[in-house]
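Chemist: coordinates only, sequence not included:
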Ligand code: AMP
């Protein structure tokens, strides 16, 4: 497959657990773009117990948004490290304040919005278990571990990410509705928003590639 990459500055929106991570990693692989996930970056900092990690840990555990000034400074610095490569932002911006701040330093040119019904998301997250040391993720009923509650490779305990617990998910979806919906409206107003509807990533993925292939001039 020939992939000719133009300097795409893309961003992917979607409720928590709407499959943003899955779709993003497929985009990264197919179109060779740099992936910048604010959630992953913050979790790395928490893991490393850096100053930023200590500052944001409680917010993540409770499913609350990290303050705008903290995340804007952090993500703008991270973006500046990517030179002359197309990128895909994931998880940032999440508020209109963040979107405006990003627009000032770096206007994006494509916004992909994943639209998955909330009841599908709640069911999906309830069944998600992770092996923390390796990051392996299991989904009961979809890729179920051989022994329930244990990692296939090491046999160690699986846990639910603190922000995957039902109370935290509910909170994250409420925040998404009230705070992030205006971000969608912000980009719709700029004429660069594209919606992709579906229940699963496999249903959404072909729609995403039909949209992106012409932008990347992919010859399959
Ligand atoms: P995610 O993995 O994208 O769902 O992010 C996990 C958590 O990181 C969120 O629930 C927030 O606590 C924090 N976070 C990630 N991105 C942002 C952002 N753009 N603004 C504020 N908080 C964020």
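Modeler: Nice, I can see it. Not measured: the values here are computed from a predicted model.
Chemist: Write out the residues of this structure neighbouring the ligand.
Modeler: Contact residues, the chain versus the ligand (C-beta under 6 Å from any ligand atom): 16, 38-39, 42, 59-60, 63-66, 71, 91-94, 98, 163, 172. From N, CA and C alone the C-beta is placed, and that goes for glycine too.
Chemist: Emit the ChimeraX select command for whichever of those are buried.
Modeler: Buried members of the residues of the chain next to the ligand, defined by 16 or more other C-beta atoms under 10 Å, are picked up in ChimeraX with:
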select :16,38,39,42,59,60,63,65,66,71,91,92,93,94,98,163,172
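Chemist: which residue does this structure bring closest to the ligand?
Modeler: Going by C-beta to the nearest ligand atom, the ligand is nearest to residue 39 of the chain, at 2.1 Å.
Chemist: returning to what we had before: among the residues of the chain next to the ligand, which lie within helices?
Modeler: Counting by DSSP state H, the residues of the chain next to the ligand place 38, 39, 42, 59, 60, 71, 98, 172 in helices.
Chemist: Hmm, residue 65 and the fourth one touching each other?
Modeler: Yep, that's residue 59 we're talking about. Yes: Residue 59 is within contact range of residue 65, at 6.7 Å (criterion: C-beta atoms under 8 Å).
Chemist: any idea of the mean pLDDT for the helix ranked longest in the chain?
Modeler: Using DSSP H to define each element, the chain has its longest helix at helix 201-216. For helix 201-216, the mean pLDDT works out to 94.
Chemist: just the strands in the chain please.
Modeler: For the chain, the strands defined by DSSP state E cover 9-14, 34-37, 87-90, 110-115, 128-131, 136-139, 193-197.
Chemist: With residue 155 as the reference, name the closest of these.
Modeler: Of all the strands of the chain, strand 128-131 sits nearest to residue 155, with 9.9 Å by C-beta to C-beta.
Chemist: I would like the residues contacting that closest one, please.
Modeler: Outside of strand 128-131, the residues within contact range by C-beta atoms under 8 Å, 6 or more residues apart in numbering are 17, 136-140, 145, 149, 151, 153-154, 156, 158-161, 164.
Chemist: Quick one: residues in contact with stretch 56-68.
Modeler: Stretch 56-68 is contacted by residues 39, 42-43, 45-46, 70-71, 94-95, 97-98, 101, 162-163, 167-169, 171-172, 175, 179 when judged by C-beta under 8 Å, 6+ apart.
Chemist: How about stretch 107-118?
Modeler: 8-15, 18-20, 23, 89, 102, 173, 184, 187, 192-199, 204, 208, 211-212, 215.
Chemist: buried set for that stretch?
Modeler: Within stretch 107-118, the residues scored as buried using 16+ other C-beta under 10 Å are 108, 110, 111, 112, 113, 114, 116.
Chemist: Can you lay out these as TSV showing pLDDT?
Modeler: Formatted as TSV, the buried residues of stretch 107-118 follow (pLDDT from 0 to 100):
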residue	pLDDT
108	93
110	94
111	97
112	97
113	97
114	96
116	94
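Chemist: Where does pLDDT dip in this protein?
Modeler: Residues of the chain meeting the criterion pLDDT under 70: 1-6, 218-220.
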